[in-house]
Each structure stands twice: as structure tokens, then as C-alpha cells.
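Participant: Any chance you can model this:
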Amino acid sequence: MLTRKHYLLALLTVILAFNYTDRFALGVALEDIKRDLHATDAQLGLLSGIAFALFYSVMGIPIARWADRSDRVAIIAVATAVWSAAVALCGAARGLGELILIRIGVGVGEAGCVPPALSLIADYFSRAERARATSVYLQGISVAMIFGYFASGWLNAAFGWREMFVMIGLPGLLLGALCLFTLREPRKGAAIDLAAQVKFASAWASIWGSITYRHIVYSSAVIWFFTYGTMQWAPAFYERSFGLTTGILGTWLALVYGVGNVVGTHLGGELCSRYATRNESRQLKIMAVATALSGIFYTLVYLPIGGKSPYLSLTWLGLANILGAISNGPLFAVIQTLMPEKLRATAFSILYFFANLIGLGLGPWVAGILSDGLAQYYGGESLRYAMLLLSPGFLWGAWHVWRANQTVGPEMATMTDRGERLREAAAWSGGQTP
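Facilitator: Down below sits the predicted model:
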């Protein structure tokens with residue numbers, strides 16, 4: 001039987017899939033955009049990285065603060081319509097500058113998706129259910145990988161990158177309408193939220209005061225830097241080093257990234273729900289080990305030992321992606337439980353600010369700069385060695401996750417005290433204690 005909370009989870013998951021699809025489609029189209037708009041690797045890294053991530057990250061915090069005190073369903077619906085229209089407009093760009101400006105619009109719209117959605121899910125699902133529910137939600141990224149790589153690869157091959165963006169952007173307008181008219185905000189009619197009474201400085205002090213949370217933010221920024229630095233360029237790497245066309249390449253990457261992410265995300269949710277229920281320290285240990293192992297396999301992906309066959313490289317990539325995806329659900333579930341209910345969206349937006357600005361913003365750009373710099377030594381294989389230099393960095397991210405497991409237990413025990421401090425902050429800022 002499909003209950004209200006399961007319908008909400010299903011629709012939010014589909015919306016998340018469309019939220020991420022254009023990023024993977026952009027990766028598939030980078031080589032064609034490079035030829036069409038006469039761009040360098042560094043310029044393409046700017047397009048796929050900081051131009052999008054800067055505004056995505058900056059807008060995420062005020063939108064999340066709005067979500068902590070307002071109608072999260074309406075925010076997600078409007079944001080979905082905005083980014084979908086902007087993705088479709090990418091097809092109309094006449095030059096690299098226009099495409100960058102449109103990608104900024106995409107980033108502003110997409111900033112209104114994940115923090116409000118994770119906050120909603122935490123309201124609908126109990127602590128014991130959150131690791132699994134959040135893992136299911138984050139399967140939307142897996143769906144985006146499958147659809148983004150497979151569909152965009154063949155659409156790009158058949159129609160070109162401009163038409164491809166129009167085709168993947170327009171369906172999101174319907175999803176925004178479905179969200180607005182079929183989902184319910186559980187806070188409607190309730191008393192004024194505590195978050196609305198606490199100034200941002202007080203909210204920041206409460207959130208950033210958590211050592212566990214800080215290590216999760218550090219780990220996310222580091223891991224996303226190396227993830228996006230390699231993932232965004234993976235299609236170009238296989239085109240340059242192995243000569244794969246976008247249609248065939250999109251099919252393989254849909255399997256490797258998409259199916260691998262499904263397996264890894266599901267595995268992470270199940271492991272933590274079955275063997276670490278209500279034990280966030282053990283959940284973080286599982287995530288740290290998996291992340292460290294993924295870094296080893298990512299390094300194997302780009303070692304020049306595969307000859308002319310891409311299949312060994314793709315095998316390592318699939319294993320690395322499965323291991324990396326194990327953390328997807330549990331990491332966010334830890335934050336859902338660690339943070340007071342009225343500050344969850346803000347906590348997620350702060351994490352996304354740093355992780356996206358550093359990871360998504362700088363990762364692809366740095367990879368492009370490295371590739372341009374290494375071209376004089378390695379020619380057409382420069383991108384391979386740029387990615388090889390980035391891959392061991394996952395071990396750094398795993399270290400921060402391990403550090404988080406050492407502090408999460410004591411901090412979970414003081415959650416009540418943190419809630420009391422928030423009430424005191426509300427009183428000092430002129431609000432009424434709920």
C-alpha cells in the first residue's frame with residue numbers, strides 16, 4: 001500500500017533525478033561543446049564547475065533558511081520549474097559566455113531542491129527509518145546517472161547537444177506542478193517555527209559548534225572535489241583515450257555510474273539499517289572504510305595499464321563508484337539525527353555550500369587546468385594523468401569521516417542541551433519560546 005510518506009519519498013526522488021541529470025548530460029556533451037564553441041579544457045572546467053557551483057552554493061543558504069520557516073513543498077516546486085526552464089535554455093546559447101550565464105540560472109534553481117527535501121523526509125520518517133529513507137531518496141542521483149548518461153549520450157549523437165538539453169529540461173516543469181498540487185507541508189497551520197525566531201548567527205553557532213558536523217562538511221568538500229573533478233571529465237577521458245562515441249559511452253557510463261550507484265547506495269542504507277541502527281558511530285566507520293577503498297580503485301581506473309581496451313578501466317570505475325556510494329544515505333541520515341529539527345535544512349545548505357563550492361566548483365576546473373598543463377608532456381593522454389593525480393585524494397576524505405565517528409556518540413547525548421540553547425537564543429533575539 002502506497003502511503004502518503006512513501007508517495008512523497010517517491011516524487012522527491014524523481015525530482016532529485018532531474019535535478020542531477022543535466023550535470024551528467026553536460027559531461028557527455030563537453031567534447032561537442034568544445035568543438036562547437038572553440039573552448040579550452042580550462043574553460044570547460046569553468047563552465048561545468050565554478051560557474052554553476054558558485055551560485056548553487058551561495059543561494060542554497062538563504063533558500064534553506066526560508067525552508068526552515070516556510071512551505072518547503074512550494075519552495076521545491078518553484079525551484080524545479082526554474083532549473084528545468086534554464087536547462088532547456090542551454091540549447092539556445094550562442095556562445096560560451098551565454099552558456100555560462102544560463103548555467104548560473106540552472107544553479108540558482110537547483111539550490112532549492114536537496115536541503116528542503118531532506119528536511120521534509122526527516123519530518124515524515126523516524127530516526128530508525130532515516131538511513132534507509134534517505135538512501136532511497138538519494139537513489140535519484142543513481143537514476144540521473146543512468147538517464148543522464150544513457151539518454152543524453154544517444155540524444156546527443158542523434159540530435160546534437162542543443163536539442164538534447166531542451167529534451168531533458170522540459171519534463172521538469174510537469175514535476176514542479178505535481179509537487180505543488182500533490183504534496184503536503186506538515187508544518188502548515190502549526191505555531192511559528194523556532195528557526196524563524198533564531199537569527200542566523202545563533203543558528204550558525206549551534207550547527208557549526210558540532211565537531212562531528214564539521215568533519216562531515218570537511219569530508220564532503222574533499223570527497224566531492226575529487227569525485228566531480230574526475231566524474232565530470234570521465235566521458236572526455238574515454239573519448240580521448242579509447243575513442244568511444246557518445247552513444248556507446250553513454251550506455252557504459254549509465255551502467256558503471258548509474259547501476260553502480262544504485263547498488264552502492266542501497267548497500268549503504270541496508271548495512272547501516274541492519275547492523276548499525278541507532279548507532280551513528282558505527283555507521284560512520286562503515287562509510288570511512290568504504291571511502292578509503294574507493295580511492296584505491298579510482299587510482300586503478302587511470303593507470304595506463306589497460307592498453308587499447310577501456311573495459312578494465314570501466315571495471316575499476318564501477319567498483320570505485322559502488323564503494324563511494326555506500327556513504328550517500330547514511331551520511332545525510334547522521335546529520336538529520338544530529339541536528340535539531342528546525343535547523344536541518346540550514347545544516348544541509350551549509351554542507352552543500354562548502355561541498356559544492358569546493359567540490360563541484362573547483363574539482364572540474366582544477367582537472368581541466370591540470371590537463372592543459374600536462375598536455376605538453378603527455379599530449380592526448382594529459383587528461384588521464386590529471387585524473388590520476390586527483391584520485392588518491394579520497395583517502396583524505398575518509399580520514400575526516402573516521403574522525404567524525406569519534407565524536408558523534410557524545411554529541412548525540414547532548415542533543416537536548418543544544419535544543420535548550422536554541423530556545424535561549426530565540427528568547428534573546430526577541431522571539432517567543434514555542
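Participant: and residue 281, what pLDDT?
Facilitator: What the model reports for residue 281 is a pLDDT of 90.
Participant: Count the residues that sit near it.
Facilitator: Residue 281 has 17 neighbours, counted by other CB atoms under 10 Å. All C-beta spots, glycine's among them, are computed from the backbone N, C-alpha and C.
Participant: Check the spacing between it and residue 122 real quick.
Facilitator: The gap separating residue 281 from residue 122 is 20 Å, by CB to CB, to the nearest Å.
Participant: what stretches of the stretch 1-150 of the chain score poorly on pLDDT?
Facilitator: Scanning the stretch 1-150 of the chain for pLDDT under 70 picks out 1-2.
Participant: Can you show me the helices along the stretch 101-250 of the chain?
Facilitator: 114-124, 127-159, 161-169, 171-182, 194-197, 200-208, 211-231, 234-242, 246-253 (DSSP state H, counting those that start in this stretch).
Participant: which of the ones you listed is buried the deepest?
Facilitator: Ranked by mean neighbour count, the helices of the stretch 101-250 of the chain are led by helix 114-124 with a mean of 25 (mean count of other CB atoms under 10 Å).
Participant: Next, the angle helix 171-182 makes with that helix.
Facilitator: 30 degrees (axes from the mean of the first three to the mean of the last three CA atoms, to 10 degrees).
Participant: Taking their axis directions, helix 114-124 and helix 127-159 sit at what angle?
Facilitator: Comparing the axes of helix 114-124 and helix 127-159 via the same axes, to 10 degrees yields an angle of 140 degrees.
Participant: Was I right to think residue 269 contacts residue 137?
Facilitator: No. The pair residue 269 and residue 137 does not pass the contact test of CB atoms under 8 Å, sitting 9.9 Å apart.
Participant: got any residues that touch both of these two?
Facilitator: residue 329 (CB atoms under 8 Å, 6 or more residues apart in numbering).
Participant: re the thing from before, what's the closest of the helices of the stretch 101-250 of the chain to residue 35?
Facilitator: Smallest distance to residue 35 across the helices of the stretch 101-250 of the chain (CB to CB): 10.0 Å, for helix 161-169.
Participant: tilt between the closest one and helix 127-159?
Facilitator: Using the same axes, to 10 degrees: helix 161-169 against helix 127-159 is 150 degrees.
Participant: From the chain's centre, how far out is helix 161-169? Work that out for me.
Facilitator: Distance of helix 161-169 from its chain centroid, counting by CA atoms, centre = their mean, to the nearest Å, is 21 Å.
Participant: same deal with stretch 89-102?
Facilitator: Its chain's C-alpha centre and that of stretch 89-102 lie 23 Å apart, by CA atoms, centre = their mean.
Participant: which stretches of the stretch 251-400 of the chain form strands?
Facilitator: Under the criterion DSSP state E, counting those that start in this stretch, the stretch 251-400 of the chain carries no strands.
Participant: all helices of it, in order?
Facilitator: Ranges of helices within the stretch 251-400 of the chain are 260-275, 280-302, 311-325, 328-338, 344-354, 361-378, 382-390, 394-405, based on DSSP H, counting those that start in this stretch.
Participant: Next, format these as TSV and append distance to residue 411.
Facilitator: Shown next, in TSV, are the helices of the stretch 251-400 of the chain (distance: least, CB to CB, whole Å):
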stretch	distance to residue 411
helix 260-275	18
helix 280-302	9
helix 311-325	25
helix 328-338	7
helix 344-354	13
helix 361-378	29
helix 382-390	32
helix 394-405	10
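Participant: Let me know which of those helices is the nearest to residue 200.
Facilitator: helix 344-354 (8.0 Å).
Participant: burial measure for residue 412, as a count.
Facilitator: Neighbours around residue 412, by other CB under 10 Å: 16.
Participant: And for the helix or strand hosting it, what's in contact with it?
Facilitator: For residue 412, the host element (DSSP states H and E) is helix 408-413. Residues from elsewhere that reach helix 408-413, judged by CB under 8 Å, 6+ apart: 210, 211, 212, 280, 281, 284, 334, 337, 338.
Participant: Work out the gap between stretch 44-51 and the centre of the chain.
Facilitator: Stretch 44-51 sits 16 Å away from the centroid of its parent chain (CA atoms, centre = their mean).
Participant: Now tell me what touches it from outside.
Facilitator: Defining contact as CB under 8 Å, 6+ apart, one finds that stretch 44-51 is touched by 23, 26-27, 30, 33-34, 39, 96, 99-100, 103-104, 107, 228, 232, 360-369.
Participant: Return it as CSV; C-alpha atoms alone will do.
Facilitator: C-alpha atoms of stretch 44-51 as CSV (Å, rounded to 0.1, in the frame of the first residue of the first chain):
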residue,chain,number,x,y,z
LEU,A,44,35.1,23.8,-20.0
GLY,A,45,36.1,23.2,-16.4
LEU,A,46,34.9,26.7,-15.5
LEU,A,47,31.6,26.0,-17.3
SER,A,48,30.9,22.7,-15.6
GLY,A,49,32.4,23.7,-12.3
ILE,A,50,32.5,27.1,-10.6
ALA,A,51,30.1,28.9,-12.9
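Participant: Which positions in it come out as buried?
Facilitator: By neighbour count on 16 or more other CB atoms under 10 Å, the buried set for stretch 44-51 is 44, 45, 46, 47, 48, 49, 50, 51.
Participant: Out of these, give me the two with the largest separation.
Facilitator: Maximum distance among the buried residues of stretch 44-51 (CB to CB): 11.8 Å, for 44 and 50.
Participant: one step back: from the buried residues of stretch 44-51, which land in helices?
Facilitator: Taking DSSP state H as the definition of helices, the buried residues of stretch 44-51 contribute 44, 45, 46, 47, 48, 50, 51.
Participant: Turn the residues you listed into CSV, columns for distance to residue 183.
Facilitator: As requested, those are exported to CSV (distance: CB to CB, whole Å):
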residue, distance to residue 183
44, 37
45, 37
46, 36
47, 33
48, 31
50, 33
51, 31
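Participant: of these, closest to residue 154?
Facilitator: Looking at those and their distance to residue 154, the nearest is residue 48, at 20.5 Å (CB to CB).
Participant: Can I get stretch 311-331 in CSV, CA atoms only?
Facilitator: The C-alpha trace of stretch 311-331 is given here as CSV (Å, rounded to 0.1, in the frame of the first residue of the first chain):
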residue,chain,number,x,y,z
TYR,A,311,36.8,-2.4,-20.2
LEU,A,312,39.4,-3.0,-17.4
SER,A,313,39.3,0.7,-16.6
LEU,A,314,35.5,0.7,-16.6
THR,A,315,35.5,-2.3,-14.2
TRP,A,316,37.7,-0.5,-11.7
LEU,A,317,35.4,2.6,-12.1
GLY,A,318,32.3,0.5,-11.3
LEU,A,319,33.9,-0.9,-8.1
ALA,A,320,35.1,2.5,-7.0
ASN,A,321,31.7,4.0,-7.6
ILE,A,322,29.9,1.3,-5.6
LEU,A,323,32.2,1.8,-2.7
GLY,A,324,31.9,5.6,-2.8
ALA,A,325,28.1,5.4,-3.0
ILE,A,326,27.8,3.5,0.3
SER,A,327,28.0,6.8,2.2
ASN,A,328,25.3,8.5,0.2
GLY,A,329,22.3,7.8,2.5
PRO,A,330,23.9,7.3,6.0
LEU,A,331,26.0,10.4,5.9
